[in-house]
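Enquirer: Give me coordinates for this.
(one chain, ligands or ions: 1)
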Amino acid sequence: MNNEPRFIVDTMLGTVARWLRILGYDTVYDKSAEDWQIIRRAELEKRIIVTRDRGLHIKAIKSGLKSILLWEDDMPDRLAHIALVSGIQLGIDFNRTRCPEDNTILVKAEKEKIKSKVPPGVYSVHNDFWECPRCGKVYWIGNHWRQIEKILKEARDKLEILKVKSRL
Ligand SMILES: [Zn+2]
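Expert: The predicted model follows:
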């Protein structure tokens, strides 16, 4: 776990931060961070910078940091690009998924204990729930799930293409 990539995501890329957390990667995202703060924190905590800002990207590289300049707009392309450079796994493992809101590792919840936190219709059809120890938000594999899987499948396919291209 210790050698796993950790990230710091630039201000315009909140959805990318959420995805990295869902995939289980320790990801800092602060909407109000200035470039120098991002660079400082990346240095201190050995995080990979993810940005759309060419200026920040160049500054980071010059400081000897690892930085990924995302030019893609679609999430599968973005995730494939990040995976190519950093080696992240493009699949969900609930043992390591982090809360998309605050980066805390989720814990499996006892069903009875979270009853009041989920809609009755959800409670009656699902058995597996996860809870964020920090913010208390409860997660389950709902309708949303098909979309997440679809995007990850696309990202994996695109990653294979990128790998072939990078060998040419
Ligand atoms: Zn949370």
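
Enquirer: Run through the residues of the chain sitting next to the ion.
Expert: Contact residues (Cβ under 5 Å from the ion) of the chain with the ion: 99, 101, 102, 132, 134, 135. Glycine gets a C-beta too; all of them are placed from N, C-alpha and C.

Enquirer: so residue 73, which of the three states?
Expert: On the three-state scheme (DSSP: H, G, I helix; E, B strand; the rest coil), residue 73 is labelled coil.

Enquirer: Number of residues surrounding it?
Expert: If you count neighbours by other Cβ atoms under 10 Å, residue 73 ends up with 8.

Enquirer: From the ion, how far off is it?
Expert: Separation of residue 73 from the ion (Cβ to the ion, to the nearest Å): 27 Å.

Enquirer: just residue 142 next, same as before
Expert: Computed as Cβ to the ion, the residue 142 to the ion distance reads 17 Å.

Enquirer: Likewise for residue 90?
Expert: Where the ion is concerned, residue 90 sits at a distance of 22 Å (Cβ to the ion).

Enquirer: do the same with residue 81
Expert: As judged by Cβ to the ion, residue 81 and the ion stand 27 Å apart.

Enquirer: so that residue touches residue 73, yeah?
Expert: No - judged on Cβ atoms under 8 Å, residue 81 makes no contact with residue 73 at a distance of 11.5 Å.

Enquirer: before we move on, back to that, so which two of the residues of the chain next to the ion are the farthest from each other?
Expert: Checked with Cβ to Cβ, the residues of the chain next to the ion reach their widest spread between 101 and 134, with 8.4 Å between them.

Enquirer: Nearest the geometric middle of the protein, what residue?
Expert: Centroid check for the chain by Cα atoms, centre = their mean gives residue 20 as the closest residue, at 0.8 Å.

Enquirer: ok now do it, which residues does it touch?
Expert: Residue 20 is in contact with 7, 9, 27, 50, 82, 88, counting by Cβ atoms under 8 Å, 6 or more residues apart in numbering.

Enquirer: quick one: which of these is nearest to residue 57?
Expert: Here the nearest of the contacts of residue 20 to residue 57, counting by Cβ to Cβ, is residue 50; it sits at 9.5 Å.
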